[in-house]
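Participant: this one's sequence-less:
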């Protein structure tokens, strides 16, 4: 009985030791975060200004449509 338990434990440890799926998933997550951070750093000023301009244009169009009575 003890020998069977020892063999089972040895095989279980060997299979967990050789299983690298979790490590690979963590590596991909770290790479994804790093790429996202680099993209945000590169386009931070440009992207931020583009969003501000787009929101301003949308807001102006909505205000203009309300003032002129346009719409449905």
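Facilitator: Looks like it arrived, so ask away. Given the structure is predicted, the values throughout are model-derived calculations rather than measurements. Residues are numbered from 1 along each chain as shown.

Participant: skip ahead from the worst-scoring helix or strand of the chain on mean pLDDT and say which helix or strand is next.
Facilitator: Sorting the helices and strands of the chain by mean pLDDT, DSSP states H and E puts helix 2-18 at the bottom, at a mean of 68. The helix or strand immediately downstream of helix 2-18 is helix 21-68, counting by DSSP states H and E.

Participant: average pLDDT across that following helix?
Facilitator: If you average the pLDDT over helix 21-68, you get 85.

Participant: that helix - contacts with which helices or strands?
Facilitator: Using 3 or more Cβ pairs under 8 Å, 6 or more residues apart in numbering; DSSP states H and E, no helix or strand is in contact with helix 21-68. For every residue, glycine as well, the C-beta is placed using N, CA and C.

Participant: chain center to that helix, what's the gap?
Facilitator: 12 Å (Cα atoms, centre = their mean, to the nearest Å).

Participant: tally of neighbours for the residue nearest to residue 40 when sequence neighbours are not counted?
Facilitator: Excluding its sequence neighbours, the residue lying closest to residue 40 (Cβ to Cβ, 6 or more residues apart in numbering) is residue 47, at 7.9 Å. Residue 47 is flanked by 12 other residues according to other Cβ atoms under 10 Å.

Participant: swap in residue 68?
Facilitator: A count of nearby residues for residue 68, using other Cβ under 10 Å, gives 8.

Participant: what does residue 61 give?
Facilitator: The number of residues near residue 61, taken as other Cβ under 10 Å, comes to 11.
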